[in-house]
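pasting a predicted model and its sequence here:
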Amino acid sequence: MSENSVVVRGLCKQFDGFALDHVSFQVPKGRIVGFIGENGAGKSTTINLILNELKKDGGEIEIFGRDHTDAAVKRETGVVFDQCSFPEVFTARDVERMLSGIYPSWDGKLYQAYLERFGLPLQRAVKHFSKGMKMKLSITCALAHRPRLLILDEATAGLDPVIRDEILDILLDFMQDEEHAVFFSSHITSDIQKIADYVVLIHQGKIVFEEEKDVLLDRYGVLRCGKSMAVEPSDYIVRRETGVSMEYLVKDRQAAERKYPKAVADSASLEDIMLFYIKGDMSCGD
Amino acid sequence: MEILISNRSRKPIYEQICQQIKGQIMDGTLTAGEALPSMRALARDLHISVITVQRAYEDLTRDGFIETVSGKGSFVSAQNREFIQEEQLRIAEELLQKAAEIGRAHGISLERLAGILQLFYEEGDGHV
């Protein structure tokens, strides 16, 4: 009995020249959590650790309240990577034959329904599929064994806006069941800005924040003003200097607007917020 | 039910949803007892977070516009539309009275104030 589908606590992994450093976050049941960060920030490492494809050095990972190495957990988790992992000569029919043997909960009718919805042929080899078709096949397979949790690693990367939108539709369809949850990594912040309920930002192997998306979009803001204007350090999170102005990421846009009427205050997109945290910390050594 | 969301508006999305549903209840488009889409279905249709919809529905429930029956969904309350309108009119009167006083005390003409009111009223039309 758990209100969280995934709980990650103090997760550590040491590589040569890169470390995942005490990563903690949650994926609540019934929610979509977007996992953002630049390439190499540790997104895929975290996902591979959750899936037990990599061995962790320390920390705990629970899925549905059980240890993530539990065999039942694997059956109830659907996974989509950015690369299609099926043999090139396989057709959608072959893929089904293989996967229905692995997953006892395989739903052939659902598989068929998704193939039709996506317009994917049954008899053509995967090597003749476009990148978008391959991704749709991967998602179809992830859903066809009726998982409760869906984990996507950069699933929308390199796809055109129409296909990305179709994929978001599928995820939202999946979320009509409140027992389900989605953990979705991407560096395309606009996709996450649309559908995520919570956002987790990772940078250089550390979690920078874990926050409700609406709070980020409705309350945070970017304050721009001349370099001579003094903004108190307690009023902003990160600042950035440009050639002609200073930019501050503020936690409460409206309060900042009232306090500094001469500055310009805009709402911040997820991309703004991510860039501030990633680029700001370099210029903020003072 | 029709909901139009603006991503460029400074108004948070949950507030936009809340206002539009209120507007449709007040002008009779949505009638008492009518079922609203489930929170998850509306989130899917609008491509937004279910938390955003949840917040809008919570505000509507708090203000007495809708009722949520667990397991069945949310419905338009059987409240008295005229009563709510009466209440809101009273609030608007107070604010207008204040505007009139400021105008009289500082030599701002009635035409000018009326023009501003008209401008605000029509500006809201695009969003509400």
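It's in. Numbers count the residues shown, from 1 in each chain, chains lettered A, B, ... in the order given.

sec struct for the residue positioned nearest the centre of chain B, please.
By Cα atoms, centre = their mean, chain B has its centre lying nearest to B:Gln19, at 2.4 Å. What DSSP: H, G, I helix; E, B strand; the rest coil gives for B:Gln19 is helix.

cool, and A:Tyr111?
helix.

hang on, isn't it packed against A:Tyr103?
No. Contact status for A:Tyr111 versus A:Tyr103: not in contact, 10.7 Å apart, counting by Cβ atoms under 8 Å. C-beta here means a position set from N, CA and C on the backbone, and glycine is covered the same way.

who's more crowded, these two?
A:Tyr111 (21 against 17; other Cβ atoms under 10 Å in any protein chain shown).

contacting residues around the more buried one?
Shown in contact with A:Tyr111 (Cβ atoms under 8 Å, 6 or more residues apart in numbering or on different chains): A:96, A:140-141, A:144.

any residues in contact with both of A:Tyr111 and A:Tyr103?
Contacts common to A:Tyr111 and A:Tyr103, judged by Cβ under 8 Å, 6+ apart, are A:Ala144.

so which helix or strand takes in the residue of chain B positioned farthest from its centre?
Using Cα atoms, centre = their mean, the residue of chain B lying farthest from its centre is B:Gly107. It sits 33.2 Å away. For B:Gly107, there is no enclosing helix or strand under DSSP states H and E.

what's the longest helix in chain B?
helix B:81-105 (DSSP state H).

in the helix or strand that that helix is followed by, which residues are buried?
Once the chain leaves helix B:81-105, the next helix or strand it forms, by DSSP H and E, is helix B:110-125. Neighbour-count burial for helix B:110-125 flags B:Leu113 (criterion: 16 or more other Cβ atoms under 10 Å in any protein chain shown).

residues contacting helix B:110-125, please?
In contact with helix B:110-125 (Cβ under 8 Å, 6+ apart) are residues B:96, B:99-100, B:103.

need the residues of chain B near chain A, please.
B:10, B:12-14, B:40-41, B:43-44, B:47-52, B:55 (Cβ under 8 Å from any Cβ of the partner chain).

beta-bridge partners for the residue nearest the centre of chain A, please?
Residue closest to the average C-alpha location in chain A (Cα atoms, centre = their mean): A:Ser185, at 2.4 Å. Per DSSP bridges, the residues bridged to A:Ser185 are A:Phe35, A:Asp153.

pretty sure it is touching A:Ile47, no?
Yes. Taking contacts as Cβ under 8 Å, A:Ser185 lies within contact range of A:Ile47: 6.1 Å.

which residues are common contacts for those two?
Joint contacts of A:Ser185 and A:Ile47 (Cβ under 8 Å, 6+ apart) are A:35, A:153.

so what's the residue lying closest to B:Ile51 once chain neighbours are set aside up against?
The shortest distance from B:Ile51 to any non-neighbouring residue, by Cβ to Cβ, 6 or more residues apart in numbering or on different chains, is to A:Asp197 (4.8 Å). By Cβ under 8 Å, 6+ apart, the contact set of A:Asp197 is A:28, A:31-33, A:212-213, B:49-51.

repeat that for B:Leu36.
Applying Cβ under 8 Å, 6+ apart, the residues contacting B:Leu36 are B:1, B:21, B:30, B:42, B:57, B:66, B:73-76.

on the three-state scheme, A:Leu150 is what?
Strictly by three-state DSSP, A:Leu150 counts as strand.

ok, it to A:Thr91 distance?
Per Cβ to Cβ, to the nearest Å, A:Leu150 is found 24 Å from A:Thr91.

could you chop chain B up by domain?
Split into domains by automatic domain parsing, chain B comes to B:13-76, B:81-125.

rank these by pLDDT, which is bottom?
Mean pLDDT is lowest for domain B:81-125 among the domains of chain B, at a mean of 88.

if we can go back for a sec, please convert the contacts of A:Asp197 to CSV, extending it with neighbour count, distance to A:Gly59 and secondary structure.
Formatted as CSV, these follow (neighbours: other Cβ atoms under 10 Å in any protein chain shown; distance: Cβ to Cβ, whole Å; DSSP: H, G, I helix; E, B strand; the rest coil):
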residue, neighbour count, distance to A:Gly59, secondary structure
A:Pro28, 17, 19, strand
A:Arg31, 22, 22, coil
A:Ile32, 29, 23, strand
A:Val33, 23, 18, strand
A:Glu212, 18, 24, strand
A:Lys213, 23, 25, helix
B:Ser49, 26, 28, coil
B:Val50, 23, 29, helix
B:Ile51, 22, 27, helix
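
in TSV, list those along with distance to A:Gln123.
Below are those laid out as TSV (distance: Cβ to Cβ, whole Å):
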residue	distance to A:Gln123
A:Pro28	41
A:Arg31	38
A:Ile32	34
A:Val33	37
A:Glu212	46
A:Lys213	42
B:Ser49	40
B:Val50	39
B:Ile51	43
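
which of those residues lies closest to A:Leu249?
Ranked by distance to A:Leu249 (Cβ to Cβ), the contacts of A:Asp197 are led by A:Lys213 at 15.9 Å.

now do the same for the closest one: its pLDDT.
93.

what's near enough to touch A:Ala41?
Per Cβ under 8 Å, 6+ apart, neighbours of A:Ala41: A:202-205.

now do it, the pLDDT please.
Looking at A:Ala41, the pLDDT reads 93.

next one: A:Cys284
43.

show me what contacts residue 108?
If you meant another chain, say so; for now it's chain A. With Cβ under 8 Å, 6+ apart, A:Gly108 has these contacts: A:96, A:100, A:144.

to clarify, I was referring to chain B.
Residues counted as contacts of B:Ile108 (Cβ under 8 Å, 6+ apart) are B:Ile102.

if we can go back for a sec, format the contacts of helix B:110-125 as TSV; extra columns: distance to A:Leu120 and neighbour count.
Listed next are the contacts of helix B:110-125 as TSV, based on distance: Cβ to Cβ, whole Å; neighbours: other Cβ atoms under 10 Å in any protein chain shown:
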residue	distance to A:Leu120	neighbour count
B:Leu96	61	12
B:Ala99	62	14
B:Ala100	67	13
B:Gly103	67	16
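
which among the contacts of B:Leu36 count as buried?
In those, the ones that pass as buried (16+ other Cβ under 10 Å) are B:21, B:30, B:42, B:57, B:66, B:74-76.

which of those residues lies closest to chain A?
B:Leu42 (10.5 Å; Cβ to the nearest Cβ).

in three-state terms, label the closest one for me.
helix.

next one: stretch A:147-161 to chain centre, how far?
Centroid displacement of stretch A:147-161 relative to its chain, using Cα atoms, centre = their mean, to the nearest Å, is 8 Å.
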